[in-house]
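Novice: below is the structure, and that's it, no one-letter string:
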């Protein structure tokens, strides 16, 4: 079993609440918190679970076929990422442990899902795509920061390997956002 490595928990701050995006704010209010490898794999699992949850909703609820297709892609690719995280957890004999901020991350996810469920039609489509951009940017920032502090080579490699997937999701979501925005402008000009 690998020894537990401490990673500054600041890397999870962007997932917990908008105010925590500021590193200075987080360091001032909760200095010295750390995250172990078990915490890290737990966060990775939570990120994938959140994406899978939102994608399932969008596959069922989206009105635009492009949004449903994007959600299907996100669903499949985050399932694959979750499986890779499970293999990593098994390989390193880790028992995932949610970090101290896990409950704040869960509350933020639940609130976002509640807001998405309350929308329908094109409003849902736009809200879902914006949600995906935000969550993928936060996840990418988390992975990038975690990779800087990670000393377990296998975990560091997984973090680095996952980054381009998240960037691809961001790029696709932004293109979809532009497409949905242009559709809205066309309808308004008629």
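Specialist: Structure received. In this text the structure is predicted, and so the values were computed from the model without any measurement. Numbering: from 1, shown residues only.
Novice: with adjacent residues omitted, what lies nearest to residue 84?
Specialist: The spatial neighbour of residue 84 that comes closest, neighbours along the chain excluded (CB to CB, 6 or more residues apart in numbering), is residue 158 at 6.7 Å. C-beta here means a position set from N, CA and C on the backbone, and glycine is covered the same way.
Novice: cool, residue 169 as well?
Specialist: The shortest distance from residue 169 to any non-neighbouring residue, by CB to CB, 6+ apart, is to residue 136 (4.8 Å).
Novice: any idea which element that neighbour lies in?
Specialist: helix 121-149 (DSSP states H and E).
Novice: now do that helix: which elements does it pack against?
Specialist: Applying 3 or more CB pairs under 8 Å, 6 or more residues apart in numbering; DSSP states H and E, one finds that helix 121-149 contacts strand 7-8, helix 13-16, helix 37-61, helix 65-91, helix 102-117, helix 153-189.
Novice: low-confidence ranges, this protein, go.
Specialist: Within the chain, the ranges that satisfy pLDDT under 70 run 1-34, 182-190.
Novice: on that earlier part again, any idea which of the helices and strands packed on helix 121-149 is most buried?
Specialist: Highest mean neighbour count of the helices and strands packed on helix 121-149: helix 13-16, a mean of 24 (counted as mean count of other CB atoms under 10 Å).
Novice: burial measure for the residue nearest to residue 174 when sequence neighbours are not counted, as a count.
Specialist: Of all residues not flanking residue 174 in the chain, residue 133 sits nearest, at 6.2 Å (CB to CB, 6+ apart). Close neighbours of residue 133, defined as other CB atoms under 10 Å, add up to 18.
Novice: returning to that earlier point: residue contacts, the residue nearest to residue 84?
Specialist: 44, 84-85, 88 (CB atoms under 8 Å, 6 or more residues apart in numbering).
Novice: recalculate using a threshold of 10 Å.
Specialist: Applying CB atoms under 10 Å, 6 or more residues apart in numbering to residue 158 gives the contacts 40-41, 44, 81, 84-85, 87-88, 91, 143, 146-147, 150, 152.
Novice: save those residues as a markdown table, and put in distance to residue 105 too.
Specialist: Shown next, in a markdown table, are the contacts of residue 158 (distance: CB to CB, whole Å):
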| residue | distance to residue 105 |
| --- | --- |
| 40 | 13 |
| 41 | 14 |
| 44 | 12 |
| 81 | 17 |
| 84 | 20 |
| 85 | 16 |
| 87 | 23 |
| 88 | 20 |
| 91 | 25 |
| 143 | 15 |
| 146 | 14 |
| 147 | 19 |
| 150 | 19 |
| 152 | 22 |
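Novice: quick one: which of those residues is nearest residue 127?
Specialist: Nearest to residue 127 out of the contacts of residue 158 is residue 81 (CB to CB; 23.2 Å).
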